[in-house]
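Chemist: Fold the following and give me the result.
(chains A and B)
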Number of protein chains: 2
Amino acid sequence: MPGIQNFKFVEEFIPAIGSGELLLKTLYVSVDPYLRGKMATTHDPFEIGDAISSKVISEVLESNNENFCKGDLVIGYLDWKEYQKSNGSGLMKVDPGGAPLTAYLGVLGVTGLTAYFALSDIGQPRSGETLVVSGAAGAVGSIAGQIGKIMGCRVVGIVGTDEKKDLIKRKFSFDEGINYRAVPDMKRAIATVCPAGVDIYFDNVGGEISDGVLANLNDNARVPVSGAISNYNDMEIPNGPRVLPLVVYKRLLIRGFLIADFASRFDEGRKQLLTWLNEGKITYSETIINGFDNLPQAFIGLFEGRNEGKMIVRLL
Amino acid sequence: MPGIQNFKFVEEFIPAIGSGELLLKTLYVSVDPYLRGKMATTHDPFEIGDAISSKVISEVLESNNENFCKGDLVIGYLDWKEYQKSNGSGLMKVDPGGAPLTAYLGVLGVTGLTAYFALSDIGQPRSGETLVVSGAAGAVGSIAGQIGKIMGCRVVGIVGTDEKKDLIKRKFSFDEGINYRAVPDMKRAIATVCPAGVDIYFDNVGGEISDGVLANLNDNARVPVSGAISNYNDMEIPNGPRVLPLVVYKRLLIRGFLIADFASRFDEGRKQLLTWLNEGKITYSETIINGFDNLPQAFIGLFEGRNEGKMIVRLL
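Modeler: Below you'll find the predicted structure:
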């Protein structure tokens, strides 16, 4: 479990920019669970002592690059710094007129794209099927549930408080919610609200919550897995009911993915999500915390369930 | 665990055939692990008191059906009976000149097709990748290993005796074998013979053997699962190391399948397998047991590791 003692603030001079470079001022920082994985020793880790980086929306303060002008708003993987320079590679200009700016960190960004490809590509919902989403009040889960509804599914969300259970039904149009802390037997709870079984389980949580869902899967069910937060901080893989017997009995498809696997199709996904957003078919929640100094607390808060929807830090 | 006491022999008169019907005499019966699944209460079970059925090669003794003549050899899902009638539906004529007759119960039948689609469709081997096959000396596993070699993989087989370990290297051209009973630590044993990790794990076994392989999977590894024999007889799903954390960390694809899922492509698969067979690129083992009365023992023997390759009962 990460703590405040793992972070250090460092003061530097604002860099001078050279030929082809930009000076960027950070406006919004996306704070995401996957960053925890990059603090381990595997999978392209952050280096200790280097700045953490994530999706950031910045304003161009100065430009020596013909592709960008002073005043442009850009999004890209950038350092957690108030000011930084860039050579422009990997930056995308965003149009503040098309959608609220922070939507590009959420429903139109990795969050929305994760939900979109998990369902459209791996889950492949058919009308009338039952979709269960864990972490349903979270940034990805809440969008996944709404996409499931658009595609004609009965949608059930798993959450950790009664407030979130109300929220997903009221705000995100889930058919049913389950507060896993309030039910003694997840397997039975799922069976009760999913009398026709579960055809798609979009797992954002892992662990014992998933066991109850997996036990209710129908034949040929699909299980896209985009994150197992509850295990991020475990060094040893814990035990649980074996999955392979179910995989063969029920001919399951279980697939883990990184959103980067779908990079070539981001435009397609973003266009569809923007259409749904403008049609009012998708809504989203943000938790916006003010101030660069609060970045570590915002990150730690992800693992304490403190956010409702996408966690964003706004620089003042 | 099935026992001899679960079977009963019943004597009946040889049936008279009506219009459009055939009288069939059983020549060969395919005896397969999946039949155990049909003795449970789920998934299209056998009815207690009815005859068991599986793939059978029969000779047409009498025909009132214009599509079949006396003397034709046919294959189909038929009852475990010495004589039976059929209306011809679901029967395929086999040409005894193209390949040995029993090959249609093995390498050219469900066994070979299972190995073929597990690899070509789910495993998708690329040259230079490492393929691990469990149950490697078995009917499906031994063909899967050879297909992996044809496709340019380094192929490692897991077996249960030193004899089978020698066999898969000598007869089925596996690069390496592991006798799981002779190694104290499967995870380390796999790491030793797969220094570049495992890209495809074709699981025919499940259980603790699989745990050691799963721990060595590379990013983007594929895990086709065609059977979990070691768990068929368990009523409760046992515990083991959780798989979903690995699925997301390593972006795994795990897919269970029934060969029936690929029914529309059987001709394609059979044609490819026949080509490899005639080119001498695939060889196979059979355990042929003589006598109708030995069908129950043949079936029980599957779960005691008594067969080498495809288990077939030949009627005398």
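Chemist: domains for chain A, by residue range?
Modeler: As assigned by automatic domain parsing, chain A contains the domains A:4-106+A:286-314, A:113-260.
Chemist: and B:Gln5, which of those domains is closest to it?
Modeler: Taking C-beta to C-beta, domain A:113-260 is the member of those nearest to B:Gln5, at 25.4 Å. Bear in mind the C-beta positions are built from the backbone N, C-alpha and C, glycine included.
Chemist: Tell me if the closest one is near chain B.
Modeler: Yes - interface with chain B: domain A:113-260 contributes A:203, A:206-207, A:210, A:215, A:219, A:225-228, A:231, A:234, A:237-258 (C-beta under 8 Å from any C-beta of the partner chain).
Chemist: Among those, which lie within strands?
Modeler: With strands defined by DSSP state E, the entries of the residues of domain A:113-260 next to chain B inside them are A:Asp219, A:Val225, A:Asn239, A:Gly240, A:Pro241, A:Leu253, A:Ile254, A:Arg255, A:Gly256.
Chemist: Show me the shaky parts of chain A.
Modeler: Low-confidence regions of chain A, defined here as pLDDT under 70, cover residues A:41-43, A:227-236.
Chemist: hmm, back to that, out of the domains of chain A, which is closest to B:Thr26?
Modeler: Each of the domains of chain A has some distance to B:Thr26 by C-beta to C-beta; the shortest is domain A:113-260, at 29.1 Å.
Chemist: so how far is that closest one off the chain centroid?
Modeler: Shown here is domain A:113-260, whose average C-alpha point lies 14 Å from the average C-alpha point of the whole chain (C-alpha atoms, centre = their mean, to the nearest Å).
Chemist: How far does it stretch from one end to the other?
Modeler: End-to-end distance of domain A:113-260 (C-alpha to C-alpha, to the nearest Å): 10 Å.
Chemist: ok, now stretch A:127-138?
Modeler: From its first residue to its last, stretch A:127-138 covers 24 Å (C-alpha to C-alpha).
Chemist: Buried by neighbour count: which residues of it qualify?
Modeler: By neighbour count, with 16 or more other C-beta atoms under 10 Å in any protein chain shown as the criterion, the buried positions of stretch A:127-138 are A:Glu129, A:Thr130, A:Leu131, A:Val132, A:Val133, A:Ser134, A:Gly135, A:Ala136, A:Ala137, A:Gly138.
Chemist: what do you get for stretch A:21-39?
Modeler: For stretch A:21-39, the buried set under the neighbour-count rule, 16+ other C-beta under 10 Å, comprises A:21-24, A:26-38.
Chemist: I figured A:Arg126 hits A:Leu119, correct?
Modeler: No - at 11.3 Å, A:Arg126 does not count as touching A:Leu119 under the criterion of C-beta atoms under 8 Å.
Chemist: backbone phi and psi for A:Ala196, please?
Modeler: The phi and psi torsions at A:Ala196 (degrees, to the nearest 10) take the values phi -100, psi 20.
Chemist: buried ones in the strand or helix carrying A:Phe266?
Modeler: Here A:Phe266, judged by DSSP states H and E, is contained in helix A:266-278. The neighbour-count criterion (16+ other C-beta under 10 Å) identifies A:Phe266, A:Gly269, A:Arg270, A:Gln272, A:Leu273, A:Leu274, A:Trp276, A:Leu277 as the buried residues of helix A:266-278.
Chemist: can you tell me which residues contact the residue lying closest to A:Ser173 once chain neighbours are set aside?
Modeler: Residue nearest to A:Ser173 in three dimensions, not counting chain neighbours: A:Lys149, with 5.2 Å by C-beta to C-beta, 6 or more residues apart in numbering or on different chains. Under the criterion of C-beta atoms under 8 Å, 6 or more residues apart in numbering or on different chains, the neighbours of A:Lys149 are A:Val155, A:Ser173, A:Phe174.
Chemist: Next, the last one: secondary structure please.
Modeler: Right, A:Phe174. coil (DSSP: H, G, I helix; E, B strand; the rest coil).
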